[in-house]
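Engineer: Next comes the sequence, and after it the predicted model I'd like to discuss.
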Amino acid sequence: MLLVIRTDSHLHTPMYFFLSHLSFLDAFYSSVIVPKLLENLLSTWKTISFLECFTQISLVIFSGATEACLLSVMAYDRYQAVCRPLLYVGTMNKKVCAGLAGASWAIGMGIGLLNTILLAQQHFCGPNLILSFACEFPPVLLLACSHPSMSVASILTTMVVLGLGTLVLLLGSYTHIIMTALGINSASGQNKIFSTCSEKTTFSCGHHFLWLRSFQVHDSSFWLSPGASSICA
């Protein structure tokens, strides 16, 4: 998709510009999880070092947060295109699009680093056994022997401010789009708007739901033994 968008001049629009960032981010997320997963599937001892584990956690949070921001930006782009078509070209120019995309990446990077640094400051007394196919924030947090108040507060803030905040912006944009579509007399115009936005709304809401659920700490069984130098998945 990235190659098609780059080579086809007809796709050099704000919507496909943001979609190319989203496609790259999806590929990036897979490259974070899949290589270590395949290695563990082929090996007898399924271990991962602390550095690798925290790096994986940081990149997973980073990709999820960035994608949440990008989905909200894409919803805002569709709002401008549908509700303010005469001002769309001037409002969503190349500079604005680059700024919105850059801000999404910067926010995701900051959130990933902040939450991972706070988690890394916890004391892990072992054994560090994770019943999961990848290093994720909740199961690693459960391994902490010290009180993880700062990490919990940081994650809750992330969920409320970023997760719910971007979801409100996304739903607000699509609500305005639906209201505008209902005011159009042309049935074909309404169908075009609804067919385009319904899929994006479903996908965006689903992503936000799964991303918020990824921060929930579930009841899991972890075996502890002192002196572990690596995290076992």
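Structural biologist: Arrived safely.
Engineer: center of the chain, which residue is that?
Structural biologist: Nearest to the mean C-alpha position of the chain, by Cα atoms, centre = their mean, lies G64 at 1.6 Å.
Engineer: Let's verify that residue: helix, strand, or coil?
Structural biologist: helix (DSSP: H, G, I helix; E, B strand; the rest coil).
Engineer: distance of it from I5?
Structural biologist: 23 Å (Cβ to Cβ, to the nearest Å). (Each C-beta comes from the backbone N, C-alpha and C, glycine too.)
Engineer: Now do the contacts for C83.
Structural biologist: 176-177, 180 (Cβ atoms under 8 Å, 6 or more residues apart in numbering).
Engineer: Which of the residues you listed ranks first by neighbour count?
Structural biologist: Neighbour counts for these, by other Cβ atoms under 10 Å, peak at I177, which reaches 23 neighbours.
Engineer: Show me the strands in this structure, by range?
Structural biologist: 47-48, 231-232 (DSSP state E).
Engineer: Check what pLDDT the residue nearest to D26 when sequence neighbours are not counted gets.
Structural biologist: Nearest-residue entry for D26: E67, 7.7 Å, with adjacent residues in sequence omitted and distances by Cβ to Cβ, 6 or more residues apart in numbering. At E67 the predicted local confidence, pLDDT, stands at 89.
Engineer: wait, E67 sits on L25?
Structural biologist: Yes - between E67 and L25 there is a contact under Cβ atoms under 8 Å: 5.4 Å.
Engineer: Just want to know which of the two has more residues nearby.
Structural biologist: Remark: of E67 and L25, E67 carries more neighbours, 23 against 19, as counted by other Cβ under 10 Å.
Engineer: What's the separation between that one and L164?
Structural biologist: Separation of E67 from L164 (Cβ to Cβ): 15 Å.
Engineer: V152 now?
Structural biologist: V152 is 17 Å from L164, by Cβ to Cβ.
Engineer: same question, P139
Structural biologist: For P139, the distance to L164 equals 23 Å [Cβ to Cβ].
Engineer: quick one: which of those two has more around it?
Structural biologist: Comparing P139 with L164 by other Cβ under 10 Å, the one with more neighbours is P139, at 19 against 12.
Engineer: Surely that one and L129 touch.
Structural biologist: No - counting by Cβ under 8 Å, P139 stays clear of L129, with 9.4 Å between them.
Engineer: check contacts around V89.
Structural biologist: Counted by Cβ under 8 Å, 6+ apart, V89 has zero contacts.
Engineer: So it versus L114, what's the distance?
Structural biologist: 37 Å.
Engineer: With V152 instead?
Structural biologist: With the distance defined as Cβ to Cβ, V152 ends up 13 Å from L114.
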